[in-house]
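Undergrad: coordinates only, no sequence provided:
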C-alpha cells in the first residue's frame with residue numbers, strides 16, 4: 001500500500017514544483033470569484049433557526065457589490081446567487097473556467113463550545129491541530145450530498161484524515177499570496193466594533209480550495225453557536241460589516257500584489 005502513496009506524493013511534488021517555476025508577469029487582479037458556502041439541500045451549520053447558507057449568500061452578494069462599485073474594471077463572478085446546491089468541485093471549476101485571480105469562499109463556524117467566538121481564515125494546507133481538521137471535515141461533508149462523489153474526487157473519503165492531508169499539496173503554488181490575503185482579512189475583521197476577535201490564519205484541507213488555480217481563501221466569519229455572534233450574523237448590519245471588512249482586506253491585498 002505504501003508504494004502507490006509514495007508515487008502519488010512524488011507526482012504531486014513535481015506538479016507543485018512546476019507551478020512554482022511559472023513567471024507571473026501580469027499581477028493585475030482582473031477577475032474574482034466569490035463563493036457563498038453551502039446552499040440548496042445543503043444548509044450548512046444550523047443554530048436556533050439560523051442557517052449558514054443564508055448568511056454566506058448575503059455576505060457574498062454584499063461583498064461583490066462593494067468590489068464592483070469601487071473597481072468597475074474587475075469582473076466579479078459568484079458560484080451561486082440563489083439558494084441552490086453547487087458541488088464543491090464545480091465551485092473551483094467556476095473559478096478556473098473564468099481564469100480568476102482570486103477565490104474567496106465564505107462560511108460560518110459552528111462549535112459544541114458555545115463560548116467559542118471570532119473569525120478565522122483558512123488557506124489550503126496540512127492540519128496543524130485537531131480543531132482545524134474538524135472544521136475541514138464539517139465543511140467537506142457537503143460532498144456526501146453529491147452523486148457518485150468518490151469518482152469525482154479521486155476516491156476522497158471525507159471521514160479520513162489522510163484524505164484531507166494529501167489535498168494540501170495542490171495549493172502550495174499559491175500559498176504565499178493566499179496567506180497574504182488571509183492575513184489582511186483577519187486584520188480587518190479584528191477591527192469590528194461588536195465582534196472583534198481574530199482567531200488567526202490557519203491551514204486545513206478544504207475540497208472547495210483543492211483545485212483552484214489561483215490564490216484562494218476560506219473565511220469562517222464567526223460562530224453561530226455563540227449567542228452574541230449569532231445575533232450579529234443574523235443582522236443586516238453584521239453582514240454589511242463582514243462584507244466591508246473583507247472588501248477592505250481585498251483593497252489592501254490588491255495594492256500589495258499590484259505594487
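TA: It's in. Every value quoted in this text rests on a predicted model; they were computed, and no experiment measured them. Numbering: from 1, shown residues only.

Undergrad: CA atoms for contacts and neighbours, from now on please.
TA: Will do.

Undergrad: for residue 235, see how far away residue 53 is.
TA: Taking CA to CA, to the nearest Å as the measure, residue 53 falls 14 Å from residue 235.

Undergrad: which one's more surrounded, the two?
TA: Counted by other CA atoms under 10 Å, residue 53 and residue 235 do not tie: residue 53 has more neighbours, with 26 against 13.

Undergrad: mind listing what the more buried one touches?
TA: Contacts for residue 53 (CA atoms under 8 Å, 6 or more residues apart in numbering) come out as 36-39, 42-45, 83, 107.

Undergrad: tell me the helix or strand right after the host helix or strand of it.
TA: Assigned by DSSP states H and E, residue 53 belongs to helix 52-70. Next helix or strand after helix 52-70 toward the C-terminus (DSSP H and E): strand 75-78.

Undergrad: against which helices or strands is that following strand packed?
TA: Here strand 75-78 touches strand 31-36, helix 52-70, going by 3 or more CA pairs under 8 Å, 6 or more residues apart in numbering; DSSP states H and E.

Undergrad: okay, those, which one's buried deepest?
TA: Counting by mean count of other CA atoms under 10 Å, strand 31-36 has the highest mean neighbour count of those, with a mean of 24.

Undergrad: any idea what sits nearest residue 227, other than its immediate chain neighbours?
TA: The spatial neighbour of residue 227 that comes closest, neighbours along the chain excluded (CA to CA, 6 or more residues apart in numbering), is residue 114 at 7.6 Å.

Undergrad: just residue 202 next, same as before
TA: That would be residue 122: by CA to CA, 6+ apart, it lies 4.8 Å from residue 202.

Undergrad: give me phi/psi at that neighbour?
TA: According to degrees, to the nearest 10, the main-chain angles of residue 122 amount to phi -110, psi 150.

Undergrad: ok, now residue 73?
TA: According to degrees, to the nearest 10, residue 73 has phi -80, psi -10.

Undergrad: quick one: residues contacting the closest residue to it other than its chain neighbours.
TA: Leaving aside its sequence neighbours, residue 73 sits nearest to residue 30 (CA to CA, 6+ apart; 7.1 Å). Residues near residue 30 by CA under 8 Å, 6+ apart: 73-75, 100-101.

Undergrad: could you look up the SS state of residue 121?
TA: strand (DSSP: H, G, I helix; E, B strand; the rest coil).

Undergrad: contacts for the lengthiest helix in the chain?
TA: Looking only at the chain and at elements set by DSSP state H, the helix with the highest residue count is helix 236-258. Contacts to helix 236-258, defined as CA under 8 Å, 6+ apart, come from residues 27-29, 55, 58-60, 62-63, 66-67, 180-181, 184-185, 187-189, 192, 221, 232-233.

Undergrad: and what of stretch 35-47?
TA: Stretch 35-47 is contacted from outside by 51-54, 56-57, 59-60, 78-80, 82-86, 91, 103-110, 139, 142, 145, 224-225, 230, using CA under 8 Å, 6+ apart.

Undergrad: which residues in the stretch 101-250 of the chain form strands?
TA: Under the criterion DSSP state E, counting those that start in this stretch, the stretch 101-250 of the chain contains strands at 102-109, 119-124, 198-204, 216-223.

Undergrad: tabulate those (JSON lines), appending mean pLDDT and distance to residue 253.
TA: Shown next, in JSON lines, are the strands of the stretch 101-250 of the chain (pLDDT from 0 to 100; distance: least, CA to CA, whole Å):
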{"stretch": "strand 102-109", "mean pLDDT": "97", "distance to residue 253": "10"}
{"stretch": "strand 119-124", "mean pLDDT": "93", "distance to residue 253": "14"}
{"stretch": "strand 198-204", "mean pLDDT": "92", "distance to residue 253": "15"}
{"stretch": "strand 216-223", "mean pLDDT": "96", "distance to residue 253": "12"}
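
Undergrad: distance to residue 210 and mean neighbour count added to those strands, as TSV?
TA: Shown next, in TSV, are the strands of the stretch 101-250 of the chain (distance: least, CA to CA, whole Å; neighbours: other CA atoms under 10 Å):
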stretch	distance to residue 210	mean neighbour count
strand 102-109	11	25
strand 119-124	7	27
strand 198-204	10	20
strand 216-223	9	26
